[in-house]
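Novice: From the sequence below, what's the structure:
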Amino acid sequence: MDITHLQPGDSVYVICRNPHTQTVAEIQEAAVVDHPDHPGRTVLFLFEDYMPLTDDYAMFETYQEAEEMYNTYFHEPNLEM
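Specialist: This next block holds a predicted model:
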């Protein structure tokens, strides 16, 4: 995803890992907003906090895109024989 095209008011879907259990992750919707304390700085509003808008996050435009990537990396393979 090209973050340079994101504007306040946009929504993205982020794959977030649990910091206590790295094998656990979830998809969260985040809002792209102007930082209230730093005018002109666009950030993500995620988990009730303002996060820098960087390429460090696995962000997707739709939930379906995020879910496909989530399933690729976090879904247990089917071990049925």
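Novice: For the chain, which segments are assigned as strands?
Specialist: 11-17, 25-34, 42-46, 49-52, 58-60 (DSSP state E).
Novice: Using a markdown table, lay out these together with mean pLDDT, distance to Phe74 and mean neighbour count.
Specialist: C-beta here means a position set from N, CA and C on the backbone, and glycine is covered the same way. Shown next, in a markdown table, are the strands of the chain (pLDDT from 0 to 100; distance: least, CB to CB, whole Å; neighbours: other CB atoms under 10 Å):
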| stretch | mean pLDDT | distance to Phe74 | mean neighbour count |
| --- | --- | --- | --- |
| strand 11-17 | 94 | 8 | 17 |
| strand 25-34 | 95 | 5 | 15 |
| strand 42-46 | 95 | 18 | 19 |
| strand 49-52 | 94 | 21 | 13 |
| strand 58-60 | 94 | 11 | 19 |
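Novice: would you turn these into a markdown table with distance to Tyr73?
Specialist: Below are the strands of the chain laid out as a markdown table (distance: least, CB to CB, whole Å):
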| stretch | distance to Tyr73 |
| --- | --- |
| strand 11-17 | 8 |
| strand 25-34 | 8 |
| strand 42-46 | 19 |
| strand 49-52 | 21 |
| strand 58-60 | 9 |
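Novice: ok, now how distant is Asp10 from Glu29?
Specialist: Distance, Asp10 to Glu29, using CB to CB, to the nearest Å: 11 Å.
Novice: Then Tyr70?
Specialist: Distance from Tyr70 to Glu29, by CB to CB: 13 Å.
Novice: if I pick the nearest residue to Arg17 once chain neighbours are set aside, what's in contact with it?
Specialist: Ranked by CB to CB, 6 or more residues apart in numbering and with sequence neighbours excluded, the top spatial neighbour of Arg17 is Ala25, at 4.7 Å. Applying CB atoms under 8 Å, 6 or more residues apart in numbering to Ala25 gives the contacts 15-18, 70, 73-74.
Novice: From those residues, pick the one nearest Leu46.
Specialist: Cys16 (7.6 Å; CB to CB).
Novice: from memory that closest one sits against Glu26, does it?
Specialist: Yes. Cys16 is in contact with Glu26 according to CB atoms under 8 Å; the separation is 5.8 Å.
Novice: quick revisit: who wins for proximity to Ile3 among the strands of the chain?
Specialist: strand 58-60 (7.2 Å).
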